[in-house]
Structures are given as structure tokens and as C-alpha cells.
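Colleague: Fold the stuff below for me.
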Amino acid sequence: MRCTRSALEDGLCLVLSLEDDDKRDLFGTLCADVLAYAASEHATNRMEAVILRLEAWRAFLRSTGGSMTRSETIGLMGELHVLKALLEKKPSLLDTWRAPDDAIHDFEHLGLALEVKTTLGPGSRITIANLDQLDDAGLERLGLVHVRLYETPDGECLDDLTATILSALSDAESRRWFSSALLRRGLSPDDQRARAGIRACVKQVHVHPVTQSFPRVLRGDVSSAIVDASYMIELSHLRSTAEPWAAVLDSFITRRQ
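Modeller: Predicted coordinates for the structure are as follows:
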């Protein structure tokens, strides 16, 4: 996709053109989404809003082939359950969700960070994606949040979760931010398999403080010749270190500068 400016008699316009014919369906989705987004904006803010939406689409196109995998969908569901819990207590914490911008940790607020890992079913094995994900350098505290879901027809799908979060946001700017954050996070507006394919409820949430004794591999622990690595942790071995989710949530919410 290419985005260029063009001059018309009554001013400048943006021209989107497709360069990869194999992406025609996705391009149609993108154009329809941007037009709908522009139509919902006040005329004075329309161009700025469209540019920001196109930036979100660019991030989406860089990070995905067009649809989320099952494991990616489960991971996003866990993050949204955490975000929903935060917003129910304090709606101003929306921008503490940092995962859509490829931050090191999923949530961060005034020196406290949360890394969310989600499993569906009885398993407790999680994947640490890189050598920085459990690095607490520069933080006062880092918590590994394990969201355990179980699949049920009575559960919530991604569309349900996003609708609940949108209803908790009182202003249009926050709703626009959240909509584009979902796109940057990899969720397309027409990805119905991801949006409605899994229905699940939260069975439990455990938070493991990431301290010096926590089992992890950091960049400083390996040879500089190792550019990156991923590894798995079996959380059932760490149950004795878990902290109550309600207490961690309260600490995150009441944090002050």
C-alpha cells in the first residue's frame, strides 16, 4: 500500500493505492474502515484522525498477515480482561496498556509494570517471547500476571470484551484511541474468527512478582552472540510465590507520582 498527497481544486487529498494485488480484500477492508472513521469525526479533526488511523493500519500490516492465530487471540483476551479490571476502577488508566505499541511490558504505570500471560484450559505453561520480557531494569516492580481462562458457550469473546471496554470510556477521544490500539495490537475490524471464535470466562488470576529469584533468562545472562531467545516456564512450580490479584490491582490503580 502506498499513501500519497494529491492536489484537487478545493485542496489537498490523500490517495491510497494498492501495490500487492494479493492483498486486495484486506485493502478493501482498510479503505472502508478509514472512510467510516473519517465520517465519524468532526470536520476540523478529520484529516488528523485519518492520518492517525492510517498509522495504526501501518503498524497492523507490519506485524501480521491479516488475521490473529488462536494463541494470539487468547493472549489478547487476557490483556483485555486486565484492562477491563483497571478501567472499572479508574478509566484514566487506558494508556497504561502498552502492548499495542510493542513496549517491553504489557502494562506500565509510574514504575510498576505488568506482563500478562494467558492460558486456556488446565495448563500452566507459558512462553516468554524474548530476553527482555521479564527484565525489571528501571522499574520499581514487575508482576507476571497469569490469566487462566476456560472455554464455555456462556463466556465472552473478543467482541464482547471490546464492547464492554468501549462502554466504560466516557469520551470519544478515548474510544478512538482504544479502537486504533486494537488495530496496532493486530486485531483487524473484519477478523471474525478472532473476534467471535473463542468464548471463555476467567477461572483465576495469579500474579507472580518477578524478583531476583524468579526463574528467567535475561540479556545479560547470555553471550552477546545470542541475539535473542524464547523459553517456557511451568508456573505450577511457583504457586507459593503468587500474590492476590486484587492487592496487585489496587497497588497499580492507587499509584501516585
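Colleague: neighbours around V116, how many?
Modeller: The number of residues packed around V116, counting by other C-beta atoms under 10 Å, is 26. For glycine as for every other residue, the C-beta is placed from the backbone atoms N, C-alpha and C.
Colleague: Actually, H206.
Modeller: Other residues near H206 come to 21 when the count uses other C-beta under 10 Å.
Colleague: Over to the one 10 residues further on?
Modeller: A count of neighbours around R216, defined by other C-beta under 10 Å, yields 18.
Colleague: what's the closest non-adjacent residue to it?
Modeller: Nearest non-adjacent residue to R216, counting by C-beta to C-beta, 6 or more residues apart in numbering: L134, 4.2 Å away.
Colleague: doesn't R219 make contact with that neighbour?
Modeller: No. Shown here, L134 and R219 do not form a contact pair, counting by C-beta atoms under 8 Å, at 10.6 Å.
Colleague: And the two? Which one has more around it.
Modeller: For L134 versus R219, the count of surrounding residues by other C-beta under 10 Å is larger for L134: 21 against 15.
Colleague: Now for the more buried one: which residues touch it?
Modeller: Applying C-beta atoms under 8 Å, 6 or more residues apart in numbering to L134 gives the contacts 115, 128, 142, 144, 210, 214, 216, 218.
Colleague: For E88, which three-state class applies?
Modeller: Put simply, E88 is helix when judged by DSSP: H, G, I helix; E, B strand; the rest coil.
Colleague: In the stretch 1-150 of the chain, where is pLDDT below threshold?
Modeller: Across the stretch 1-150 of the chain, the ranges flagged by pLDDT under 70 are 42-44, 64-65.
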